[in-house]
Every structure is written in C-alpha cells, then in structure tokens.
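> the following block contains a protein sequence and its predicted model.
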Amino acid sequence: MSQDQDAIAHIRSERPTADAAALAAQCGLGDWVDTLATNQGWRWRKSQDARLYFFTGGLVVTMPEGYLSAYDWETVRVLQYRRTINGVNAEACSVLIDPAGSALNIGFGRAPVFKADKTALGITSWVNGPGFLYPHMWGDHIQTCVTRAQLGKTLARIQRGERITFGPYTVDQHGVSDKKYSAAWTEIIEIGFTLGSFMFNGRQRRSTVPGSAHAYVIPNLDLFVKLCHQLSPNVKG
C-alpha cells in the first residue's frame, strides 16, 4: 500500500506506547513491525487514539479509557466475519479470543455470534472495539500469522491422538465430525465455501460428512482449512 493511498501513513511508523511495549515484552511477542489506527477524521474522534500494534509474535490492542490487551499468535483464536451487499464490502471484522475466553470484536461491523455460539466457543466476555482501517488487510494477516504459528503444533497433537475442536467441528487423525455426522478423511473429496458457509463433500451419494457451518463461527478459519487439506488425501488443491 503506497503512502498516497494510506490514510494513516503518518501513524504506520508510530512505535508502541510504553505500556503497549511493556505488555508485548511481558508476553514475549518479539519485535514491533507495524501500527494501525482508526479513521482520524473528526467523526471518529472518540476512537482516534486506538491502535493495533503488530509484533512478530502477536498483537497488542489499545483503546480509549486505558483498554490494553495482548494476543499471542500461538494461543489466540480468531473469528473472521465478512459481508457484502451487491458485491460491495459492507462489513469486515475479526473477533480476538484469548485463552481465558475474553473476546474483542474489532473492525467494521459485528460478528453475528449469538449466545449458543459463545457458549460453544468458550467465550466468557465480549467487548466491541473500534473500526480499525483496512480490516481485510490486517484480518488476512492475522489469519496467516496464526496458521504459521499453530499449524505444525496442531498437526503434531492430532498425530499423537488428540481431538481438537474448531467451533462446530472436531478433528482427529481419523476424520472430522460435528454434532450429527462424522466422516473419515479418505471419504472427503471437496472442501470449500458457499454463500459464506464452509462445507465438505463426500465421495458417496449418501455421505455422512459433517454439515455446512457459517464460516464466522469457525475459529482460526485459515488454520482449519489448511489442516483439513493436509489430512484429506483425496482433496485436490
């Protein structure tokens, strides 16, 4: 992104505040790499001081009234919600969930995660944060960082015989299941998305593959998709 296109170019080189830097060091998040902010116009004056501080190993979020939280790529769970209207981006936000179950919704819009979903995901509290600019850019970056940090360890856990839950789905070395159905990895021939939902297709006409689910209730979606691809020998691509 060129500075001519970047509405917060003057902020991108802004180093973390002392409190943010101290928290990042305490959590072992590594070196600082980027800073993002909300729109700096008058209409957004209440959130102008909010910041996303990106580090090599995670993220620190600061917001007005002293809010400060840190997320390690190795332990955070992230929900991603995007909605378009007539092909135009309408909402794009991410929900950061720390190991204790505290959730922070940041970006434009709010993920439609209801009480039953929150219970299933182990979410114990919810805070709606501000609309940080470029949510598609930093949302994709967060997903990529989480996958890079967690994929190898997650595969190793599965190979040791563990069962791991990703929202409505549970995976192990044998296959994947939801509340109603289960299928061996060898049964699955297609993994993909349709109208904002994640889906599996099986090789048999009356397959028992798990049903589709809204993508936004699957934590660490990119990690989950790549995991399924690696474990499904008959899925191409």
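Yep, it's here.

> how about the helices in the protein?
Read by DSSP state H, the chain holds these helices, from start to end of the chain: 9-12, 18-27, 115-121, 135-159, 221-231.

> the last one to helix 135-159, inter-axis angle?
This means helix 221-231. Interaxial angle, helix 221-231 versus helix 135-159 (axes from the mean of the first three to the mean of the last three C-alpha atoms, to 10 degrees): 40 degrees.

> coming back round to it: most packed of the helices of the chain?
Most buried of these, by mean neighbour count (mean count of other C-beta atoms under 10 Å): helix 221-231, with a mean of 19. The C-beta positions use only the backbone N, C-alpha and C, and glycine is treated the same way.

> in PDB, could you pull the C-alpha coordinates for it?
The C-alpha trace of helix 221-231 is given here as PDB (Å, rounded to 0.1, in the frame of the first residue of the first chain):
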ATOM      1  CA  LEU A 221     -10.500 -20.400   9.800                       C
ATOM      2  CA  ASP A 222      -7.400 -20.400   7.700                       C
ATOM      3  CA  LEU A 223      -5.700 -22.800  10.000                       C
ATOM      4  CA  PHE A 224      -8.700 -25.200  10.000                       C
ATOM      5  CA  VAL A 225      -8.900 -25.100   6.200                       C
ATOM      6  CA  LYS A 226      -5.200 -25.900   5.700                       C
ATOM      7  CA  LEU A 227      -5.400 -28.600   8.400                       C
ATOM      8  CA  CYS A 228      -8.300 -30.300   6.500                       C
ATOM      9  CA  HIS A 229      -6.400 -30.100   3.300                       C
ATOM     10  CA  GLN A 230      -3.400 -31.800   4.800                       C
ATOM     11  CA  LEU A 231      -5.400 -34.500   6.400                       C
END
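
> so for it, mean pLDDT?
Averaged across helix 221-231, pLDDT comes to 97.

> ditto for stretch 35-43
For stretch 35-43, the per-residue pLDDT averages 90.

> which residues sit against it?
Residues outside stretch 35-43 that contact it (C-beta atoms under 8 Å, 6 or more residues apart in numbering): 7-8, 11-16, 44, 47-48, 50-54, 130-134, 138.

> which members of those are classed as buried?
The neighbour count (16 or more other C-beta atoms under 10 Å) marks 8, 11, 16, 47-48, 50-54, 130-134, 138 as buried among the contacts of stretch 35-43.

> so of those residues, which ones are in strands?
51-54 (DSSP state E).

> residues touching the residue nearest to the spatial centre of the chain, list them.
The centroid of the chain falls nearest to residue 78 when counting by C-alpha atoms, centre = their mean (2.7 Å). By C-beta under 8 Å, 6+ apart, the contact list for residue 78 reads 94-97, 142-143, 146, 219-221.

> adding distance to residue 153, write those residues out as TSV.
Compiled in TSV, the contacts of residue 78 are given as follows (distance: C-beta to C-beta, whole Å):
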residue	distance to residue 153
94	22
95	22
96	19
97	18
142	18
143	16
146	11
219	15
220	12
221	18
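
> ok, so of those, who is nearest residue 108?
Taking C-beta to C-beta as the measure, residue 108 sits nearest to residue 94 out of these, at 10.5 Å.

> on the strand side of things, show who the closest residue in space to residue 11 that isn't next to it in sequence bridges to.
Distances taken as C-beta to C-beta, 6 or more residues apart in numbering place residue 37 nearest to residue 11, at 4.7 Å, with adjacent residues excluded. Counting by DSSP bridges, residue 37 is bridged to residue 51.
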